[in-house]
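Student: Got a predicted structure here, sequence first:
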Amino acid sequence: MTNVSAQMVKTLREKTGAGMMDCKKALGETNGNIEEAVDWLRKKGLSAAAKKADRVAAEGLVAFAVKEGAGALIEVNAETDFVSRNEVFQSFASTLASLVLEHGDDIDALKNISYPGTERNVEEQLTHNIATIGENMAIRRAVRVEGADLVVPYMHNSIAGSLGKIGVLISIKSDAEVSELEMLGKQLAMHVAATAPQALSVAELDPTSVEREKNVLTEQAKASGRPEEIIGKMVDGRLKKFYQEVVLLEQTFVIDNETKISAVIEKKAKELGKQVELTGFHRISLGEGIEKNEADFASEVAATLGS
């Protein structure tokens, strides 16, 4: 049997875009003949992945995984919503969430981790799934949190348990029992899913964002023709309203539509007679920020017929 070198595998990967283990197997099956290995991969559908890499992947799934005091979210994209119902894709997203929970949220590092139950790493499994399912896919982003007394997950538009379209993690520090805080955590997570706050507190807001908003509000106030001292008060009032829109602790609770989030937490602490502190949140919304191709089907058909 031909000895398959690392350089041969590298060459075949560059030609086909297939995973390392698939390339190694192909070379073994074809006695090291690169061109025959290319054909072998094509017959297996494993070289197709590279051809799909330039197609926009804005659908897919968000997945979460949690354990005591820690949690993880990950977004895995595909080209169509149909794939999110595929059991192989769902299993892939769930497994990746567990791997992030265990190893951390660095995507490049994640891609080099061994994928459970296979001889492939995560990146090679991704390539394998692209070839098998027939759509471009991408591991877009992930987040891992730890160090809280309680991490509560929530999935909006859930497809299957921990899989869906908008994933949220809420981190709480408290000496209260977990069972006493779970409902509060879930309600806060639902609130975050609905309102998409930019920061937990005013102090954590991006200073550039605040300054930009302040400049806009100042110009708007000046346009009113009011005196300078009135303009200052107008800007302060409008800036306060801005904080109420984008800062979680300043927002109005969507559950009752009247209580400020900070007051909701204070009320729970008083009710339990124990410290309750909301220490953080994370929210991933599927496809957020991805520019989708808006295909003009009629033009595509006309172009095809004219070619």
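Tutor: Everything's here; your move.
Student: Now do the end-to-end distance for stretch 172-183.
Tutor: Stretch 172-183 has an end-to-end distance of 12 Å (CA to CA, to the nearest Å).
Student: ditto for stretch 75-84
Tutor: Start-to-end span of stretch 75-84 (CA to CA) is 12 Å.
Student: and what of stretch 65-85?
Tutor: Using CA to CA, the two ends of stretch 65-85 sit 19 Å apart.
Student: and if you look at stretch 68-82?
Tutor: 33 Å.
Student: Same question for stretch 247-263.
Tutor: This stretch, stretch 247-263, spans 14 Å end to end (CA to CA).
Student: Quick check: mean pLDDT of that stretch?
Tutor: Confidence for stretch 247-263, expressed as mean pLDDT, is 96.
Student: And it, what's buried?
Tutor: 247-253, 261-262 (16 or more other CB atoms under 10 Å). Where you see a C-beta, it was placed from the backbone N, CA and C, and this is true even at glycine.
Student: Looking at these, which one is closest to Pro116?
Tutor: Checking the buried residues of stretch 247-263 against Pro116 by CB to CB gives Leu248 as the nearest, at 35.4 Å.
Student: what's the spacing between the residue of the chain most remote from its centre and Val202?
Tutor: Residue distances from the centre of the chain (CA atoms, centre = their mean) peak at Pro227, which lies 47.0 Å from the mean C-alpha position. According to CB to CB, to the nearest Å, Pro227 and Val202 sit 27 Å apart.
Student: for the helix or strand containing Met155, the distance to its chain's centre please.
Tutor: Assigned by DSSP states H and E, Met155 belongs to strand 150-156. Relative to its parent chain, strand 150-156 has a centroid offset of 14 Å by CA atoms, centre = their mean, to the nearest Å.
Student: That strand packs against which elements?
Tutor: Under the contact criterion of 3 or more CB pairs under 8 Å, 6 or more residues apart in numbering; DSSP states H and E, strand 150-156 touches strand 59-67, strand 70-78, strand 163-164, strand 166-174, helix 178-195.
Student: try 6 Å this time
Tutor: With contacts defined as 3 or more CB pairs under 6 Å, 6 or more residues apart in numbering; DSSP states H and E, strand 150-156 has these neighbours: strand 59-67, strand 70-78, strand 166-174, helix 178-195.
Student: residue ranges for the helices of this structure, please.
Tutor: With helices called from DSSP state H, the chain shows them at 6-16, 20-29, 34-44, 48-51, 87-103, 107-111, 122-133, 178-195, 207-222, 228-246, 261-272, 297-306.
Student: Would you mind putting the ones you listed into TSV with distance to Glu288 alongside?
Tutor: Output for the helices of the chain, formatted as TSV (distance: least, CB to CB, whole Å):
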stretch	distance to Glu288
helix 6-16	32
helix 20-29	32
helix 34-44	35
helix 48-51	25
helix 87-103	16
helix 107-111	16
helix 122-133	21
helix 178-195	12
helix 207-222	17
helix 228-246	16
helix 261-272	22
helix 297-306	26
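Student: Quick one: closest of these to Phe64.
Tutor: Per CB to CB, nearest to Phe64 of those: helix 87-103, 5.7 Å.
Student: on contacts alone, who are the packing partners of that closest one?
Tutor: Short answer (3+ CB pairs under 6 Å, 6+ apart): helix 87-103 packs on strand 59-67, strand 70-78.
Student: Okay, now the sheet partners of the strand holding Met155, with direction.
Tutor: Paired neighbours of strand 150-156 in the sheet (DSSP bridges): strand 166-174 (antiparallel).
Student: Which parts of the strand it pairs with count as buried, going by neighbours?
Tutor: By neighbour count on 16+ other CB under 10 Å, the buried set for strand 166-174 is 166-172, 174.
Student: on that earlier part again, now intersect the buried residues of stretch 247-263 with the strands, please.
Tutor: Judged by DSSP state E, strands contain none of the buried residues of stretch 247-263.
Student: I'd like those residues as TSV, with distance to Asn136 appended.
Tutor: TSV is the format used below for the buried residues of stretch 247-263 (distance: CB to CB, whole Å):
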residue	distance to Asn136
Val247	37
Leu248	35
Leu249	40
Glu250	40
Gln251	37
Thr252	41
Phe253	40
Ile261	39
Ser262	43
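Student: Perfect, I'm done here.
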